Each structure stands twice: as structure tokens, then as C-alpha cells.
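> model the following, please.
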Amino acid sequence: MNGQGRARGRVVRPHHLPTELKIADAFQFPIATKEARKDVLTGGCLIIGLLVVGWILNLGNRLNVVSRFSTDDRPYFRGFKPWGCTFRRGCISFATISSYLAPAALFAVLAFWCRQNAIQLGHFLLAALSAISFCAGVFTLPGCMTVYAVEGDPKVLRQPVRAFSRAWAHCGPYLFAWWIAALSILLSSLGLLAAGVGFFFTSVWAWDVVGYAFTVAMYSATEVSCDERG
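Numbering: from 1, shown residues only. This next block holds a predicted model:
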């Protein structure tokens, strides 16, 4: 499992990963080396030039980086190579994101239909289900994709309930990783000040921060479940 193993029923933590998730380390990860900075520039140019295809390539490259980071396979950033594998993994990531958010979209459409037909109870009920499904999907996706990148088993992508449970089992560090992710995405909006196009590069930086944060949260930081927290 790419450097992962089990001992007495517990996942063996990679020794090279930091024992504590820190904001500064997460923010520096995508720009700490020459290769990393080159990948940020390449990723931004791909989105500008290839639009959706460029975005999919960035999704795949993030999975590749997380996989190498989890096994300390340096350099972590390799200019999106191999391109074919990167695109394929990006398509897998895109399909997973779409499927996890599909229930929320379906409930939203049905809620709109109920509203148009003056079915108030159905509208409020389906709108609530849409919001709950969306939050559950968004909460689960980073952890699910991290497990796939680290352990290399695509079956985890088809098990949303198990993925949610695994994220919940790491609740403490997982929520902190989400806080870091939200902060990095918010800061990436500053790229809009650079004639708008800067956002394409800052967003690539932000998603690499996300990859680092959830890898450390799920494979290095101390496990604290939400149940244990209270």
C-alpha cells in the first residue's frame, strides 16, 4: 500500500511526515522548492490555456504529489509527468467529485420543482436534504481523495459511507486541515488583484496546500475522533 502497513490493527504512520500539522508548513509546501514553484506556474498556465482539461490535469497532479509525499518519493513535484497518468487520475478525481455532489444537485433540482409547483413542504424538505448532502460530500471528499492517493485503492472512492467514517475517526486533525484549506482558498482570492489571471496560479497553490494538510491530518497527526472530543 505505497509504504502503508498495519500493526495490531492500526495504520503504520510514515516516519518522515511531521507529527503535527502546522499552518506555516502547509502554506510553504507548494512553494518550498524550485520544482514546486514551477508546478504552480505550470498548473496556472494549463488552466488558462486548456480550461477544463487544465483543471483536470491539476486534479491529477495533486494526487500524484500526495502519493509521493506520503512515501517521501522526492522530488514531490515533477512537472505533471507522466502526463497520461496525470490526466487519467485527474479524470478519476473529477468523476469522484461529481458523484459525491450529485445527490445534493438532484435534491436541489427537485426542491426547485416543488417550489415552482407550490409544494411548500416538499420544497423545504428537499432543500434541507440538498444542503445536508452537499455538506457531507464536501466534508468527505478531501479525506477520500487523500486515502486513494496514498493507498492507491480506487475502491475507497466508491464507498462514501466508509470514507465519511474514516474522516470522522480523524475528526480533530481533519477539521484543522479543513480550517487550513478554507484559509488557503480564501487567501487565493487575492490573486484576482493581479488582473484576475493571478487567481489561476494562487488557486493551484491553495489546492496543493489542501493536499498537504489532509495527508498530514490523516496519516501523521494524532487521531482524535469527534466522539472522543465530546
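
> just the helices in the chain please.
Assigned helices in the chain, in chain order: 23-28, 34-50, 52-71, 83-116, 120-151, 160-169, 171-188, 198-219 (criterion: DSSP state H).

> please identify the deepest-packed of these.
Across the helices of the chain, the average number of neighbours (mean count of other C-beta atoms under 10 Å) peaks for helix 198-219, which reaches a mean of 24. Just so you know, the C-beta spots here come from the backbone N, C-alpha and C atoms, and that holds for glycine as well.

> before we move on, back to that, and the helices of the chain, which one's lowest on average pLDDT?
Sorting these by mean pLDDT places helix 160-169 lowest, at a mean of 91.

> that older thread, of all the helices of the chain, which one is nearest His16?
Taking C-beta to C-beta, helix 52-71 is the member of those nearest to His16, at 8.5 Å.

> helices or strands next to that closest one in the packing?
If you count contacts as 3 or more C-beta pairs under 8 Å, 6 or more residues apart in numbering; DSSP states H and E, helix 52-71 packs onto helix 34-50, helix 83-116, helix 120-151, helix 198-219.

> how close does Gly122 sit to Leu59?
For Gly122, the distance to Leu59 equals 35 Å [C-beta to C-beta, to the nearest Å].

> what's the per-residue pLDDT of Thr222 here?
Thr222 is given a pLDDT of 52.

> before we move on, what about Glu228?
Confidence at Glu228, expressed as pLDDT, is 54.

> same question, Ala194
89.

> ok, it - how many residues close by?
Residues near Ala194, counting by other C-beta atoms under 10 Å, number 12.

> number of nearby residues for Leu190?
Neighbourhood size, Leu190 [other C-beta under 10 Å]: 11.

> residues in contact with it?
By C-beta atoms under 8 Å, 6 or more residues apart in numbering, the contact list for Leu190 reads 198, 202.
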